[in-house]
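*Asks:* with the sequence up front, the predicted model follows.
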Amino acid sequence: MQALSITDFKKLMEEDAVVLDTRSTEEFTHSFVPGAISIAVSEKMEEWANSLLSPNDPIVLITTPGTEKEINDRLAKAGFSNIKGYLDGGYATWQKNGEEEDMIINVEADELMMDIPFDDNLVVVDVRKPSEFADGHLKDAMNIPLADMKDPASMANIEDHHNLYVHCAAGYRSVIAASLLKRQGIHNLRNILGGWNSIKEEEKAEIVKDASGLN
């Protein structure tokens, strides 16, 4: 796999290559290439890459230096045949070049609980599977399963005035979801650290279940 200069990396971006950032979710939320999709290295990386990306799409990688071969091999085995290369030097190269950066605001579950009563535009976006959602979710939450978010139409009910609070079960999927939302130009969002695992422990959390959605 080819190491790309910043010039070549940006040229491929301009030619509509997908920027796939495999750094940790913590690193990604702190700062990332605008429009990049976060799928951090994990045992689920290939699963989510296959769910959300097309195998023939041209892809350029932002990696933690030293992980490039592992990531390339894993993606290749998963059927991705058009990986153009990785940014030489990783994300630090992007920053050193003074390029535009984006970020995702992280908030704790207790901050969400404090905001809910005072923000009429607040919308909780739960990106867990429908079965997880049915088993317990915050009252009035919007369920957009991450697997559906490959299709931008899944986000059609999100409006410009909404203040989005995005969560999954533990925090991995919600960062992927937040990156996909931002890729569609939806920037008014926050990521809930610890996801549902943290939210359900909050005393003020209004939790409801949907028996019809349980299998």
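*Replies:* Great, that's in hand.

*Asks:* what about residue 112, how many neighbours?
*Replies:* Residue 112: 22 surrounding residues under other Cβ atoms under 10 Å. Placement of C-beta: from N, CA and C, glycine included.

*Asks:* roughly how far apart are the residue nearest to it when sequence neighbours are not counted and residue 76?
*Replies:* Nearest non-adjacent residue to residue 112, counting by Cβ to Cβ, 6 or more residues apart in numbering: residue 165, 5.3 Å away. Using Cβ to Cβ, to the nearest Å, residue 165 is found at 36 Å from residue 76.

*Asks:* those two: who's more crowded?
*Replies:* residue 165 (26 against 12).

*Asks:* could you list the buried residues of the helix or strand where the more buried one lies?
*Replies:* Taking DSSP states H and E as the definition, residue 165 sits inside strand 163-167. In terms of neighbour count (16 or more other Cβ atoms under 10 Å), strand 163-167 has its buried residues at 164, 165, 166, 167.

*Asks:* go on, stretch 90-99?
*Replies:* Of all the residues in stretch 90-99, those buried under the rule 16+ other Cβ under 10 Å are 90, 91, 93, 94.

*Asks:* next, work out how far apart the residue nearest to the first one when sequence neighbours are not counted and residue 102 are.
*Replies:* For residue 90, the nearest residue in space outside its immediate sequence neighbours is residue 65; the separation is 4.7 Å by Cβ to Cβ, 6+ apart. Applying Cβ to Cβ, one obtains 21 Å for the distance of residue 65 from residue 102.
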